[in-house]
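*Asks:* Sequence first, then the predicted structure:
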Amino acid sequence: MFNLINRLFEGLSDIAKAVMIILIADTLLGYHSEEGWTGLLELVCGHYGFEAEEEGVVIFVGVVPVVIDVLFKYWIFIGLNKISPGAVVTIKQIDTH
């Protein structure tokens, strides 16, 4: 599955790669995503028969997206730079505006 995603990603232009990366990052890690993470956690807990406690939800929502954001930025500036340097340049230019 990872190879399929990698092949699809490599087939895109640098601009398309940058837009896709920003769209995914903003959807999962943007400022508006707190309700999404809370809903996801409550849905998963409800599916397995657990009740999501308020303190646990707050800690989860405060820690998990930050960790994912750090790993994502590491991947952009280290891993993506090797795969597609043009996409990294485009992302840096978009972030400055």
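*Replies:* Received it, and whenever you're ready, just let me know what you need.
*Asks:* Find the residue closest to the most centrally placed residue in the chain in space, skipping its chain neighbours.
*Replies:* Nearest to the mean C-alpha position of the chain, counting by CA atoms, centre = their mean, stands residue 25 at 3.8 Å. Distance criterion CB to CB, 6 or more residues apart in numbering; nearest residue to residue 25, sequence neighbours excluded, is residue 72 at 6.0 Å. C-betas here are computed from N, CA, C, even on glycine.
*Asks:* Name the helix or strand for the residue lying farthest from the centre of the chain, please.
*Replies:* Going by CA atoms, centre = their mean, the residue of the chain most distant from its centre is residue 49, 27.4 Å out. In the assignment (DSSP states H and E), residue 49 maps to no helix and no strand.
*Asks:* Likewise for residue 88?
*Replies:* Counting by DSSP H and E, residue 88 is part of helix 85-96.
*Asks:* Buried residues in that helix, which are they?
*Replies:* By neighbour count on 16 or more other CB atoms under 10 Å, the buried set for helix 85-96 is 87-88, 90-91.
*Asks:* and the residues you listed, which two are the farthest apart?
*Replies:* 88 and 90 (7.3 Å; CB to CB).
*Asks:* hmm, back to that, if we only consider the buried residues of helix 85-96, which is nearest to residue 67?
*Replies:* Taking those together and measuring to residue 67 by CB to CB, the closest member is residue 91, at 20.2 Å.
*Asks:* sec struct for the nearest residue to the closest one once chain neighbours are set aside, please.
*Replies:* With CB to CB, 6+ apart as the criterion, residue 91 has its nearest non-adjacent residue at 4.8 Å, and that residue is residue 18. Per DSSP: H, G, I helix; E, B strand; the rest coil, the secondary structure class of residue 18 is helix.
*Asks:* Tell me if I'm right that residue 18 and residue 92 touch.
*Replies:* No. With contact defined as CB atoms under 8 Å, residue 18 does not reach residue 92; the gap is 9.3 Å.
*Asks:* And the helix or strand encompassing residue 43, how far out from the chain middle?
*Replies:* Residue 43 belongs to helix 34-47 when assigned by DSSP H and E. Relative to its chain's centre, helix 34-47 lies at 17 Å (CA atoms, centre = their mean, to the nearest Å).
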